[in-house]
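>>> Sharing a model that was predicted from the sequence below.
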Amino acid sequence: MIYLDSNATTQIDPRVVEAMLPYLTEHYANPSSSYRAARQVRKAVEHAREQVATLIGCESEELIFMSCGTEANNAAIFSALTLHTPHRRHLVTAKTEHSAVLEVARRWVEEGNPTTFLDVDEGGTVHPEEWTRCVQPGQTAVVSVMWVNNETGVIQPIEEIVKFVHDRGVLFHTDAVQAVGKLPISLKDLPVDYLSLAGHKFHAPKGIGALYVSKRVRFKPWMLGGGQESGRRSGTENVPHIVALGKAAELMREELASGGDVKVREMRDAFESKVRAALPGTIVNGESAHRLGTTSSLTFPGIDAPGLLILLDERGVACSAGSACHTGALHPSHVLEAMGYDAQHANSTLRFSWSRLNTMEETQKAADTLIQCVNKMRELGAGDGAVVIRG
């Protein structure tokens, strides 16, 4: 199989598996206990915290281990919205966010609270005019904008947004699940208040993530109990996965330092160039914006995306029709809709995404297979159909 769905999840690096295995077998003590074996496990947890902190350029005590990016997003927004209740209840987010943020915003609306959804341009970028229109000093509690979009790879101007928001006394959260480990990040230089990350997007296992909370801001936990994670996230720590997250962070930092992100971008660019040369009319969604080199959202006008997915799967190419967190949902991409595209456009769109474990050889082979499948569907006269959004 040629795996081009790394925005959904990445393969676990064998070195990550090797690092976590001892904590599934011999080092099984509870890190909250006081005896020697437990202290050794606690030391491993704190070492992993330092590894993740080094990757994103923050202090280790600013990191809270959580189960996933979704939990981190929920925890950050919950904290920001409740710290200032009832004085500041206004939430601002973008229409292109992941469901882990959008569903929180929708719940906030259902509970009768003010919420604004930022528009994006046809490239998927939020412009300063939108920030000015929507952020309300004295009323807005938090602005949450995704760093890198999971469907298109579009990178938002986070540095500019943070400055604008902070100048108006508002907190800022970013869902950086698709950014961490894939582009250089230094939170010592970029003062976001909250940042969410998920290990399975950069070669750690599923079920582990983290929330960065700047030491400049307060945090109100939403998961209560035994007071683990310095009282900020209760529940016995998932030590094997935390160790795995730390090792994955260390490997991604080394990869970025050696230009691994450039290698990934070269594969993505070669894939797009080959496909567009052979299939005139192919549309690259978000092409006019600044995009991360991991992602290619391609629209093939007149082609039924679910049918194309089946053909590619039969020929050993794994990709997606959108966000993998909506498996089986029969509705078009809300991201493409926000960018101004209609359902027909979305119904002809596939997402391909790379990691450092891909090769140029398999990338070229996947492009050839895609070209063959699209041409076959055109020969058969395959028309439009309902897209299956995967996540």
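Good, I have the coordinates.
>>> Which strands and helices lie in contact with the lowest-mean-pLDDT helix or strand in the chain?
Within the chain, no helix or strand scores below helix 128-134, which has a mean of 90 by mean pLDDT, DSSP states H and E. Under the contact definition 3 or more C-beta pairs under 8 Å, 6 or more residues apart in numbering; DSSP states H and E, helix 128-134 sits against strand 115-118, helix 158-167. Every C-beta, even on glycine, is put in place using the N, C-alpha and C of the backbone.
>>> which ones are touching the closest residue to S353 other than its chain neighbours?
Using C-beta to C-beta, 6 or more residues apart in numbering and skipping the chain neighbours, the partner closest in space to S353 is N7 (3.8 Å). Applying C-beta atoms under 8 Å, 6 or more residues apart in numbering, we find N7 in contact with 150-151, 153, 178, 201, 294-295, 320, 324, 351, 353.
>>> which of these lies closest to P31?
Using C-beta to C-beta, K201 is the member of these that lies nearest P31, at 24.9 Å.
>>> separation between the closest one and E46?
For K201, the distance to E46 equals 23 Å [C-beta to C-beta, to the nearest Å].
>>> Which one of these two is surrounded by more residues?
Counted by other C-beta atoms under 10 Å, K201 and E46 do not tie: K201 has more neighbours, with 28 against 15.
>>> I'd say that one and I12 touch.
No - at 11.6 Å, K201 does not count as touching I12 under the criterion of C-beta atoms under 8 Å.
>>> just to revisit the earlier point, show me which residues of the least confident helix or strand of the chain are buried.
Of the residues in helix 128-134, those buried under the neighbour-count criterion (16 or more other C-beta atoms under 10 Å) are 130-131, 134.
>>> swap in stretch 188-201?
190, 192-201.
>>> Can I get that stretch as CSV, trimmed to CA atoms?
C-alpha atoms of stretch 188-201 as CSV (Å, rounded to 0.1, in the frame of the first residue of the first chain):
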residue,chain,number,x,y,z
LYS,A,188,9.1,31.7,23.2
ASP,A,189,9.0,34.0,20.2
LEU,A,190,5.3,33.6,19.3
PRO,A,191,3.2,34.3,22.4
VAL,A,192,0.1,32.3,21.9
ASP,A,193,-1.9,31.5,25.0
TYR,A,194,-3.0,28.0,24.3
LEU,A,195,-1.8,25.5,21.7
SER,A,196,-3.1,21.9,21.0
LEU,A,197,-1.1,19.0,19.6
ALA,A,198,-1.7,15.3,18.9
GLY,A,199,1.0,12.7,18.8
HIS,A,200,-0.5,10.5,16.1
LYS,A,201,0.0,13.2,13.5
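>>> contacting residues for D313?
So D313 contacts nothing (C-beta under 8 Å, 6+ apart).
>>> what about R378, distance to V317?
18 Å.
>>> Quick check: which ranges of the stretch 1-150 of the chain have low pLDDT?
85 (pLDDT under 70).
>>> All the strands of it, residue numbers only.
2-3, 63-66, 90-94, 115-118, 140-144 (DSSP state E, counting those that start in this stretch).
>>> Quick check: which of those strands is nearest to Y28?
Between the strands of the stretch 1-150 of the chain, strand 63-66 lies closest to Y28; by C-beta to C-beta that is 17.5 Å.
>>> which other residues reach the closest one?
45, 49, 52-53, 72, 75, 208-213, 219, 229-230, 232-233, 237-238, 242, 245.
>>> Buried among these? Need that as a selection in PyMOL.
To isolate the buried members of those in PyMOL, using 16+ other C-beta under 10 Å:
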select buried, resi 45+49+52+53+72+75+208+209+210+211+212+213+219+229+232+233+237+238+242+245
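>>> Which ones among the contacts of strand 63-66 lie within helices?
45, 49, 52-53, 72, 75, 242, 245 (DSSP state H).
>>> For M1, state which of these is nearest.
L245 (25.5 Å).
>>> my guess is that closest one meets G207, correct?
No - contact criterion C-beta under 8 Å: L245 and G207 do not qualify, at 9.8 Å.
>>> Return every residue with contacts to both of these two.
With C-beta under 8 Å, 6+ apart, L245 and G207 have no common neighbours.
>>> what comes up buried for stretch 35-54?
Quick answer for stretch 35-54 (16+ other C-beta under 10 Å): 38, 41-42, 44-45, 48-49, 51-53.
>>> My error: substitute stretch 78-95 in the last question.
For stretch 78-95, by 16+ other C-beta under 10 Å, it's 78-81, 83-84, 88-95.
>>> D121: neighbouring residues, count only.
15.
>>> Let me know how buried the residue lying closest to it once chain neighbours are set aside is, in neighbour terms.
Spatially, and ignoring its direct neighbours in sequence, D121 is nearest to H127 (6.2 Å; C-beta to C-beta, 6+ apart). Residues contacting H127 under the criterion other C-beta under 10 Å number 15.
>>> And for the one 10 residues further on?
Residues contacting P137 under the criterion other C-beta under 10 Å number 11.
>>> so what's it up against?
P137 touches 168-170, counting by C-beta under 8 Å, 6+ apart.
>>> Could you dump these into a markdown table with distance to A270, pLDDT and neighbour count added?
Output for the contacts of P137, formatted as a markdown table (distance: C-beta to C-beta, whole Å; pLDDT from 0 to 100; neighbours: other C-beta atoms under 10 Å):
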| residue | distance to A270 | pLDDT | neighbour count |
| --- | --- | --- | --- |
| R168 | 43 | 95 | 15 |
| G169 | 46 | 94 | 11 |
| V170 | 42 | 96 | 22 |
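>>> which among those residues gets closest to M20?
Nearest to M20 among the contacts of P137 is V170, at 38.7 Å by C-beta to C-beta.
>>> mind checking how far the residue nearest to T125 when sequence neighbours are not counted is from E71?
Computed as C-beta to C-beta, 6+ apart, the closest residue to T125 that is not its neighbour in sequence is A289, at 4.8 Å. Remark: distance between A289 and E71 (C-beta to C-beta) = 29 Å.
>>> coming back round to it: export the helices and strands packed on helix 128-134 to a markdown table and tack on distance to F65 and mean neighbour count?
Listed next are these as a markdown table, based on distance: least, C-beta to C-beta, whole Å; neighbours: other C-beta atoms under 10 Å:
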| stretch | distance to F65 | mean neighbour count |
| --- | --- | --- |
| strand 115-118 | 29 | 20 |
| helix 158-167 | 23 | 17 |
